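Q: would you be able to build a 3D model of this:
(one chain, ligands or ions: 1)
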Amino acid sequence: MTTSPVQVRDLQKFYGSFKAVDGISFDIHEGETFALLGPNGAGKSTTIEILEGYRNKTSGDVHVLGVEPSRGGLDWKAQLGIVLQSTGESGNVSVVEQLTHFAGYYPHPRNVSDVIEAVGLGSKAKTRISKLSGGQRRRVDVALGIIGRPKLLFLDEPTTGFDPEARRQFWDLINQLKAEGTTILLTTHYLDEAATLADRAGVIVGGKLVDIGPIDAIGGASARVPLVRWRQDGVVRSERTAEPATLAARLYAEAGGEVDGLEITRPSLEDIYLDMVGNHSTALKTAEENA
Ligand SMILES: Nc1ncnc2c1ncn2[C@@H]1O[C@H](COP(=O)(O)OP(=O)(O)OP(=O)(O)O)[C@@H](O)[C@H]1O
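A: As a prediction, this is how the structure comes out:
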């Protein structure tokens, strides 16, 4: 049996008495893209930084590519690709020089020109990084994360500052890496990004994992019930139903033809996520007030 590249069991991280990560467990399977979702301060970056070996845990068991991260050596590190939340590379060297330099650290790096093209910096290859825009520097971060042909890629809010076209281009790149079998851990506040790229997701609120599962099952079946809206006598009416076509047919029969303003929508991952996070945040607040 092969072991999962990422195994996390009952992970805790305390800053003094503050529980930033409070007993979370999950696995990431080989070749999978797993999204860690949650509001600001939920504990996502802390978790990722522990997995990367940058931060010590308080307790729990963590294995990344079979190694406890705080004991990972250079060979282990060479198999990881890391895009931190904000490095904002600002060196006085050109894009191509920086990538060529970093490629030298890895045993089997990707071709530097190919990576520069893939992140959409072909026309900026010879430009000094300090002269790039914020979004372009973020693309350099992404390029540095993948230059070593990592087995496991950590992407902490990779597309913050990207324009819409750059995000689409980044999604194509990630799909290409997925097709090559790269295992990816992604955090993002763009729910459409998670829905497009991830196979499974975990949702963290207040340091606790409140849901985990395939991306199209997050929130459970009841959160996905379609919403039917229509206008009746100038008033907008709505009803949630698992059988929207039946309701639409009834409305059609009652109206004796086309139904004014009829719309059937399914909740997006963002709708479901916002409901879930809202409910858990309220529960956490109430528990704190009663403590
Ligand atoms: N070095 C530190 N010392 C004390 N508290 C910290 C430290 N680093 C993080 N925290 C706290 O731990 C909590 C989790 O922070 P973390 O950066 O992991 O959140 P996050 O989910 O990544 O948030 P964001 O979406 O804003 O990036 C926050 O309340 C933060 O203030």
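
Q: all contacts plus neighbour counts: C-alpha atoms, from now on.
A: Fine.

Q: mind listing the residues bridging to Ile82?
A: Beta-bridge partners recorded for Ile82 (DSSP bridges): Phe154.

Q: what does the stretch 1-150 of the chain have sitting close to the ligand?
A: Contact residues of the stretch 1-150 of the chain with respect to the ligand, defined by C-alpha under 6 Å from any ligand atom, are listed as Tyr15, Ala20, Pro39, Asn40, Gly41, Ala42, Gly43, Lys44, Ser45, Thr46.

Q: so of these, which ones are in helices?
A: Those of those mapping onto helices are Lys44, Ser45, Thr46, per DSSP state H.

Q: ok, and the most crowded of those?
A: For these, the largest neighbour count, defined by other C-alpha atoms under 10 Å, is 25 neighbours, found at Lys44.

Q: give me the nearest residue to that one, chain neighbours excluded.
A: The shortest distance from Lys44 to any residue other than its chain neighbours is 6.6 Å, reached at Leu36 (C-alpha to C-alpha, 6 or more residues apart in numbering).

Q: partner strands of the helix or strand encompassing the one you found and their direction?
A: Mapping Leu36 onto the secondary structure by DSSP states H and E places it in strand 33-37. Strand 33-37 sits in its sheet next to strand 183-187 (parallel), strand 200-205 (parallel), going by DSSP bridges.

Q: contacts for that strand?
A: Contacts made with strand 33-37 from outside it, assessed by C-alpha atoms under 8 Å, 6 or more residues apart in numbering, are listed as 28, 44, 178, 183-189, 194, 197-204.

Q: now a PyMOL select for only the buried ones of the residues you listed.
A: Buried members of the contacts of strand 33-37, identified by 16 or more other C-alpha atoms under 10 Å, are gathered into one PyMOL selection as follows:
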select buried, resi 28+44+178+183+184+185+186+187+188+189+194+197+198+199+200+201+202+203+204
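
Q: what residues does stretch 57-75 touch?
A: Identification of contacts with stretch 57-75 by C-alpha under 8 Å, 6+ apart yields 3-14, 23, 50-56, 76.

Q: distance between the ends of it?
A: Counting by C-alpha to C-alpha, to the nearest Å, you get 22 Å between the two ends of stretch 57-75.

Q: and it, how far out from the chain's middle?
A: Distance of stretch 57-75 from the chain centroid (C-alpha atoms, centre = their mean, to the nearest Å) equals 21 Å.

Q: now do stretch 147-163
A: With C-alpha atoms, centre = their mean as the basis, stretch 147-163 stands 10 Å off its chain's centre.

Q: the helix or strand of the chain with the lowest mean pLDDT near the ligand at all?
A: For the chain, the helix or strand with the lowest mean confidence is helix 269-290, at a mean of 82 (criterion: mean pLDDT, DSSP states H and E). No: using C-alpha under 6 Å from any ligand atom, we find that helix 269-290 stays clear of the ligand, coming within 12.5 Å at best.

Q: what secondary structure does Gly161 sit in?
A: In terms of secondary structure, Gly161 is coil; the call rests on DSSP: H, G, I helix; E, B strand; the rest coil.

Q: distance of it relative to the ligand?
A: When C-alpha to the nearest ligand atom, to the nearest Å is applied, the distance between Gly161 and the ligand equals 14 Å.

Q: please name the residues that touch the residue lying closest to that residue once chain neighbours are set aside.
A: Counting by C-alpha to C-alpha, 6+ apart, Gly161 lies nearest to Gly135, which is 4.9 Å off, once chain neighbours are set aside. Residues near Gly135 by C-alpha under 8 Å, 6+ apart: Thr160, Gly161, Phe162, Asp163.

Q: just to revisit the earlier point, what about burial for the contacts of stretch 57-75, which qualify?
A: Of all the contacts of stretch 57-75 considered here, the ones buried according to neighbour count by 16+ other C-alpha under 10 Å are 4-8, 11-13, 23, 50-53, 56.

Q: helices - which of those land there?
A: Among the buried ones among the contacts of stretch 57-75, the members falling in helices are Ile50, Leu51, Glu52 (criterion: DSSP H).

Q: of the residues you listed, closest to the ligand?
A: Within these, distances to the ligand taken as C-alpha to the nearest ligand atom reach their minimum at Ile50, with 9.9 Å.
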